[in-house]
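**Q** my questions concern the predicted model and sequence given below.
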Amino acid sequence: MNAEDKVTPSSPNHSLNTDEQSSSAGLRDSQVSARLATDSARVIAPAPILYAVAFLMGLAAEFALPTAPLPRVAELWLGAVIILISIPIVISAVRALVRARTVFDASKPTTRIVTDGAFRYSRNPTYVSLTLLYIGLAFVAGSFWVLLMVVPAVAITHWGVVLREERYLESKFGEEYRRYAQRVRR
């Protein structure tokens, strides 16, 4: 055999046992799948779903026991103003996430800590915006029950989403996340 005939693992003449190839590929695939399955915050549900369920429960209560917290014109104006406040917050947060090339979805792996845009002022600007949007919509709906249901929505989001995300980020990014958490409030 001369130098040109030398067989290497990358050459077409290399003959690995096909069982070895498939088992090593299967092992790599299962390792990647396991890592991806555990590389997330493992939240109980996306926050928008939690808020939507709370909103619908409030509407159901409103249907059963109607309320009128404020005069209709005041409800509409107050609701509109609060909704308008929520919009630039979420836009700033989403732009910062896009610039950082990291995910918005808490069920997927986070690639970096985002500290610019709305994240300079809150570690959870999307949830702040979602809460403001919810409150604004509750006023527009003219429902005390919908407004009241923001309390369980915020509580469940805090314990089932935010705290899980914080544990995940601290375990993944360590000191970098701890420094950010000390500088910026929730």
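**A** On my side now, so go ahead. Note that the structure is predicted; figures quoted are calculated from it, not measured. Residues are numbered from 1 along each chain as shown.
**Q** for the residue lying closest to residue 156 once chain neighbours are set aside, give me the pLDDT.
**A** Computed as CB to CB, 6 or more residues apart in numbering, the closest residue to residue 156 that is not its neighbour in sequence is residue 50, at 5.4 Å. C-betas here are computed from N, CA, C, even on glycine. Residue 50 carries a pLDDT value of 98.
**Q** for residue 50, give its distance to residue 159.
**A** As judged by CB to CB, to the nearest Å, residue 50 and residue 159 stand 11 Å apart.
**Q** how close does the most centrally placed residue in the chain sit to residue 91?
**A** Centroid-nearest residue in the chain, with CA atoms, centre = their mean: residue 106, separated by 3.3 Å. Residue 106 sits 19 Å away from residue 91, going by CB to CB.
**Q** how about residue 46?
**A** Separation of residue 46 from residue 91 (CB to CB): 19 Å.
**Q** repeat for residue 127
**A** The separation that residue 127 has from residue 91, given CB to CB, amounts to 15 Å.
**Q** neighbour count for the two, which is higher?
**A** When neighbours are counted by other CB atoms under 10 Å, residue 127 comes out ahead of the other of residue 127 and residue 91, with 25 against 13.
**Q** residue 157 is in contact with the more buried one, correct?
**A** Yes. In this structure, residue 127 is within contact of residue 157 by CB atoms under 8 Å, at 6.1 Å.
**Q** need the overlap of contacts for these two.
**A** In terms of CB atoms under 8 Å, 6 or more residues apart in numbering, residue 127 and residue 157 are both contacted by the residues residue 47.
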